[in-house]
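[1] For reference, the sequence and a predicted model appear below.
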Amino acid sequence: MERSAAPVALITGASSGIGRAAARVFADKGYRLVLASRNVAAAEAALAEAGGGGLAVRADVTDEDQVAGAVRAAVDAYGRLDAAFNNAGIEGAFRPAAELSRAEFAEVVDVNLTGVWLCMKHELVQMLAQGGRGAIVNMASVNALKGVPDSAAYCASKAGVLGLTRAAAVDYGATEIRINALVAGAFRTPMLERVGEHVAPGKGAEMAESFAARIPAGRLGDPAEAARAAAWLCSEEASYVHGSCFAVDGGLSAI
Ligand SMILES: NC(=O)c1ccc[n+]([C@@H]2O[C@H](COP(=O)([O-])OP(=O)(O)OC[C@H]3O[C@@H](n4cnc5c(N)ncnc54)[C@H](OP(=O)(O)O)[C@@H]3O)[C@@H](O)[C@H]2O)c1
């Protein structure tokens, strides 16, 4: 086990997009990283890019044993877990609500909501065991607050993350574990490009860029901007922020 005063952060979905940017941001803030994704080679690449110390682990967030293994890997390597960014998510099939199959609906809820709960469960067990200290950020979306076409399972799963976060914040309010949800707007990532591709096949990237016209700030977010908000929520600067649905969205949820 490595002995150091540097804090330890677990980031899920670290192989791409916002999670990958979070690896860089948390490393810059001095965290030792445990990067989780189903694609361990991509998580290793994210770790190398972040330039900090840490490890990459294979974890499908829908598999409780693998989630428990990711938390155990952090503890085996570093003795504790200080922060967790439960960011992994999928957009699912784009179809009107009545046209989704049960399997399509279940897959999105399984990854985006049950996966966040499984991660939070095992992170909380560890944080409680080490004296009831830590910070957890669960990835939601502005789509938790709005109806979006062809995205019923996604919207439902992200709204569920808000409810899950609030309830857990009440459960653990008397500890020094803070739990918040990140209400992310539109960020330039592979996922947003796939959304653009659905709207305009063959022109995914251009379509994604065009979403900027609907955002009060007039631009898409850079993934590092979402990552910095997550890192701030994990920091001592946010010592009284608990149970919040924290928007990082260029004003999108304000309209
Ligand atoms: N981009 C946006 O505009 C936006 C807006 C609001 C919210 N969000 C949310 O932000 C999060 C990150 O999105 P992104 O845009 O960065 O998407 P992305 O580039 O597609 O990255 C998604 C990440 O989730 C991981 N993942 C997916 N299913 C997984 C599973 N079962 N187990 C473990 N990891 C899994 C993927 O890794 P592997 O495939 O390697 O496992 C990948 O690292 C998601 O929760 C998304 O809903 C994004």
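    Perfect, thanks for sending it.
[2] Flag every residue of the stretch 1-150 of the chain that's near the ligand.
    For the stretch 1-150 of the chain, the residues in contact with the ligand under the definition C-beta under 6 Å from any ligand atom are 12-13, 15-19, 37-39, 42, 60-62, 87-90, 111, 115, 139, 141. (Each C-beta comes from the backbone N, C-alpha and C, glycine too.)
[3] and with 5 Å instead?
    Applying C-beta under 5 Å from any ligand atom, one finds that the stretch 1-150 of the chain approaches the ligand through 13, 15-19, 37-39, 60-61, 87-90, 111, 139, 141.
[4] Just the buried ones among those, please.
    13, 15-19, 37-38, 60-61, 87-90, 111, 139, 141 (16 or more other C-beta atoms under 10 Å).
[5] Can you give me the buried ones in the lowest-mean-pLDDT helix or strand in the chain?
    With mean pLDDT, DSSP states H and E as the measure, the helix or strand of the chain carrying the lowest mean pLDDT is helix 204-210 (a mean of 89). If you call a residue buried by 16+ other C-beta under 10 Å, then helix 204-210 has these buried ones: 204, 207-209.
[6] The protein: helices as residue ranges?
    Counting by DSSP state H, the chain forms helices over residues 17-28, 40-50, 64-78, 102-109, 115-129, 152-171, 190-199, 204-210, 223-234, given from the N-terminal end onward.
[7] Let me know which of those helices is the nearest to residue 242.
    Residue 242 sits nearest to helix 152-171 of all those, at 5.4 Å, using C-beta to C-beta.
[8] Run the chain-centre distance for the closest one.
    In terms of C-alpha atoms, centre = their mean, to the nearest Å, the centre of helix 152-171 is found 13 Å from the chain centre.
[9] go on, stretch 104-113?
    So, by C-alpha atoms, centre = their mean, the centroid of stretch 104-113 is 15 Å from its chain's centroid.
[10] ok, and for that stretch, which residues are buried?
    Under the neighbour-count rule (16+ other C-beta under 10 Å), stretch 104-113 has 105, 107-113 buried.
[11] Same list as before, those residues that is, but in CSV and with pLDDT included.
    Rendered in CSV, the data for the buried residues of stretch 104-113 read as follows (pLDDT from 0 to 100):
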residue, pLDDT
105, 98
107, 98
108, 98
109, 98
110, 98
111, 98
112, 98
113, 98
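[12] rewinding a little: and residue 8, which of the helices of the chain is closest to it?
    Judged by C-beta to C-beta, the one of these that comes nearest to residue 8 is helix 64-78, at 4.6 Å.
[13] Tell me, how many residues neighbour residue 7?
    Residue 7 has 19 neighbours, counted by other C-beta atoms under 10 Å.
[14] my guess is residue 162 meets residue 179, correct?
    No - with contact defined as C-beta atoms under 8 Å, residue 162 does not reach residue 179; the gap is 11.6 Å.
[15] which one of the two has more residues nearby?
    Comparing residue 162 with residue 179 by neighbour count (other C-beta under 10 Å), the higher total belongs to residue 179, at 31 against 18.
[16] Could you check how far that one is from residue 83?
    Using C-beta to C-beta, to the nearest Å, one gets 11 Å for the distance from residue 179 to residue 83.
[17] Overlap of the contact sets of those two?
    Counting by C-beta atoms under 8 Å, 6 or more residues apart in numbering, the contacts common to residue 179 and residue 83 are 135-136.
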